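> based on what follows, work out the 3D shape:
(chains A and B)
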Amino acid sequence: MNTLIVSPSPHVHGKESTRKLMGDVVIALLPAVLVSIYFFGLGAIHLVCVSVLSCILFEYLIQKFLLRGKSTVGDMSAIVTGVLLALNLPVCSPWWLIVIGAFVAIGIAKMTFGGLGQNLFNPALVARVVLLVSFPVLMTGTAFHAPETGYIFGTESFVRGSLDATSGATPLSFVKEQLAQGVSVQQVMELPGLSYTQLLFASMGGSAGEISAVALLLGFIYLLFRRVIKPWISLSVLITVFVFAGILWLADSTKFTDPVFNVLGGGVILGAFFMATDYVTSPMTTKGQIIFGVGIGVITVLIRAFGAYPEGVSFAILIMNATVPLLNRIQPKRFAVEAQKK
Amino acid sequence: MRTFRMGGVHPADKKISQNAQIEKLPVPKMVYISMIQHLGAPAVPCVAPGDKVKVGQVIGTPTGFVSAPVHSSVSGTVKSVGMINDLSKRPVNTVVIEVEGDEWLETIDRTDTINRDIVLDQKQIIERIKECGVVGLGGATFPTNVKLSPPPTAKPTCVIINGAECEPYLTSDYRVMMEMPEQVLIGGTIFMKALGVAKCYIGIEENKPEAIKKLSSLAVNYPGIEVVTLKKKYPQGGEKQLIDAVIGKKVPSQGLPVDTGAVVQNVGTAFAVYEAVQKNKPLFEGIMTVTGDCSKQQRNFVHRVGTPLSFIMDYCGGVPEDAAKIISGGPMMGKAVANTDAPTLKGTSSILFLTEAQTKRQPEGNCIRCGKCVEACPMGLEPYLLNKLGRATMTEELEAHHVYDCIECGCCQFTCPAYIPLLDTIRQSKATVMKIMRSRNSK
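Okay, the predicted model is just below:
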């Protein structure tokens, strides 16, 4: 006679699992990683490998020796954090910088709160911001020089030929710098490296994940197609950045960059598609998600236009992460309406 | 195509037994007829050991308004009246009858002719349904006569016959629609007459095109009856979801379905009502499916109420070696069988065998706050939150987050990627909170 399992309904499961979802995110990030490897070669491989391996190692060690629980590495969330961290760092980052980043992401931002699902802030972004304020030169490379070519962001051949040259200024920091020197937006935008095509397919400046909007878009479409995420957060971030930057641009086009540049340049795409949509640190309901996305968009543009930093996406997402517990108090629309009191 | 407006999941429908014609299951040597086969007050046995009974004879009388009589499904001698374990191993007052022959009450019309003319009037119909012990066969087994006697304040406008059969594997409703389509339509007409309404919808999911075709073509002869094709989505057969899908109205929280004007009846109930009203046959037989990917046979049966499940399983070749769980009902809302000797009830719709790989629960992981449970909940609740509040027994917050709206469909748990047993907690919390609410209201 069989030993029968007796447990309450439901008796079957949809076979969705945390591991599969995380695996899908890794797959969705592959195009961006591949583009990065194509343009930066070994540097990008080095960056991704060090980042992923150290994230896994830190999670394993902390879980085993500090929390003394069963290893959670199998859920693949550490790999996702590792890849996202890599995409948020400049390709020429030294190995120790990446390891520090991984430690901050996994050790401080994630495991301190109790591991997967418990953290308030996006681990990869916490790491990026900690590194940004601790090692500003390495992280933004504002003092970039490319004397041989005269190009500010370098051409394809130039960048592929020399790993050192990849610590280029991001388009955003470059523009901000020029604006601070009194150059008008129109003049800056005529400099090489800032065309929309370059921004879309491969803008050379910035972190590994910011170089190709199209690669990120492919991954995003994959996630939508696999129903891993819903589009609301990403769309509301993009639309808000576009609209808000557009308003500023219409008000004064000599001081503010145009809305398309704002959406394509910098980390908006990476942030909107992959950082803001992190399950753990974003709201549950559609309404909450839209408010969350709009908040990120507004803060991003505010920082870019009026703040000291050239880029504000990371800060914007982290600030909005803090509002998630509040946004989760928004209840979804109930099916049942309240019966009339008799 | 119509469907309900929010939530729901898409389990694989696995209707592997759908082409098996309904067969008559042999009558066992002994039947065990439970006095709790309906929602409400248990029936009280009115026979004593040694009594001779006939098929269709009353052996349990109802107590109270929401209750139903129980009839003998066999002829023979009453062996004992007392506590027998049900499928969850809970003792239930049960009449045990040793079968001798198969002698039916003469009042029952046993011919195959379809009686199309409804001669009884509204009152007589409801009285007959009550006498025949007809209960809802869609799962809840609520006494049908009570449902057909809505409170005077309610204004019923239509009947909705539930042919959705949204649970995977189950095919008994489908077989009823395929083999007894006219009887279902006459049942629908009886419902309309009993409620004094002129409209009856039959909601069928798109994965049963044959049934849709068959009933639609026959429905032209039955004024007021309309077949509605529904999108395949679980839990379409839930009363609130079906009303929403078919007429687009929402049942108020803690209100009655009839507040929307609709009275929902299952296909199986429509057939039972036909038999009660037109054939004077009490509800002592049921239609059920024996199925499962590992099941040796895929069959649909008419069973006599009180037949031990083990008798049916033996008849179908025994329990498959790799069966790890036996379920009475569907895989989403059915009950796991703990006692294979438990008897069938009026509402028994299936014996479903699942393998360990299909049914074993995975270890619970951390909630990753993906929101999939919120998205899947057809009632618009927040299962992840109810689970958290439930584990902390925070009853006030549970009430504030409408735990009482939960229909226990299991969509949240089905969809949870972290394998958190959400419904286990929510079900318990709901019971606790509703108890508190009732005691507060009674003060």
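> wait, B:R304 sits on B:L283?
No. Applying C-beta atoms under 8 Å, one finds B:R304 not in contact with B:L283, separated by 11.3 Å. C-betas here are computed from N, CA, C, even on glycine.
> neighbour-wise, which of these two wins?
B:L283 (30 against 24; other C-beta atoms under 10 Å in any protein chain shown).
> so what's the more buried one up against?
B:L283 makes contact with B:71, B:132-135, B:272, B:275-276, B:305, B:346, according to C-beta atoms under 8 Å, 6 or more residues apart in numbering or on different chains.
> one more: A:V83?
The contact partners of A:V83, by C-beta under 8 Å, 6+ apart, come to A:26, A:29, A:33, A:48, A:51-52.
> switch to 10 Å and redo it
A:25-26, A:28-30, A:32-33, A:48, A:51-52, A:55, A:124, A:208-209, A:274 (C-beta atoms under 10 Å, 6 or more residues apart in numbering or on different chains).
> ok, B:I129 next?
So B:I129 contacts B:68, B:120, B:135, B:143-149, B:190-191, B:194, B:269, B:272-273, B:276-277, B:283 (C-beta under 10 Å, 6+ apart).
> so it is in which element?
Secondary structure assigned from DSSP states H and E places B:I129 in helix B:122-131.
> about what we covered before: which among the contacts of A:V83 end up buried?
Among those, those that count as buried by neighbour count (16 or more other C-beta atoms under 10 Å in any protein chain shown) are A:25-26, A:28-29, A:32-33, A:48, A:51-52, A:55, A:124, A:208-209, A:274.
> ok, so of those residues, who is nearest chain B?
Taking C-beta to the nearest C-beta as the measure, chain B lies nearest A:V25 of those, at 11.2 Å.
> okay, helices next: where are they in the stretch 101-250 of chain B?
Using DSSP state H, counting those that start in this stretch, the helices assigned to the stretch 101-250 of chain B run over residues B:122-131, B:144-147, B:172-179, B:181-195, B:209-219, B:239-247.
> turn the ones you listed into JSON lines, including distance to A:C92 and mean pLDDT.
Converted to JSON lines, these look like this (distance: least, C-beta to C-beta, whole Å; pLDDT from 0 to 100):
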{"stretch": "helix B:122-131", "distance to A:C92": "81", "mean pLDDT": "95"}
{"stretch": "helix B:144-147", "distance to A:C92": "73", "mean pLDDT": "94"}
{"stretch": "helix B:172-179", "distance to A:C92": "65", "mean pLDDT": "96"}
{"stretch": "helix B:181-195", "distance to A:C92": "74", "mean pLDDT": "96"}
{"stretch": "helix B:209-219", "distance to A:C92": "62", "mean pLDDT": "96"}
{"stretch": "helix B:239-247", "distance to A:C92": "57", "mean pLDDT": "95"}
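> give the residue spans of the stretch 1-150 of chain A that score low on pLDDT.
In the predicted model of the stretch 1-150 of chain A, residues A:1, A:140-150 satisfy pLDDT under 70.
> overlap in contacts, B:R304 and B:L283.
By C-beta under 10 Å, 6+ apart, B:R304 and B:L283 have these common neighbours: B:S73.
> around chain A, pick out the residues from the stretch 201-350 of chain B.
Proximity of the stretch 201-350 of chain B to chain A, by C-beta under 10 Å from any C-beta of the partner chain, involves residues B:234, B:240-241, B:244, B:250-256, B:259, B:318-327, B:329-340.
> buried ones among those residues?
Buried by 16+ other C-beta under 10 Å: B:234, B:240-241, B:244, B:250-253, B:255-256, B:259, B:319-320, B:323-327, B:329-340, out of these.
> point me to the residue of the stretch 1-150 of chain A nearest chain B.
In the stretch 1-150 of chain A, the residue that lies nearest chain B is A:P10 (3.2 Å; C-beta to the nearest C-beta).
> please name the nearest non-neighbouring residue to that residue.
Nearest non-adjacent residue to A:P10, counting by C-beta to C-beta, 6 or more residues apart in numbering or on different chains: B:G410, 3.2 Å away.
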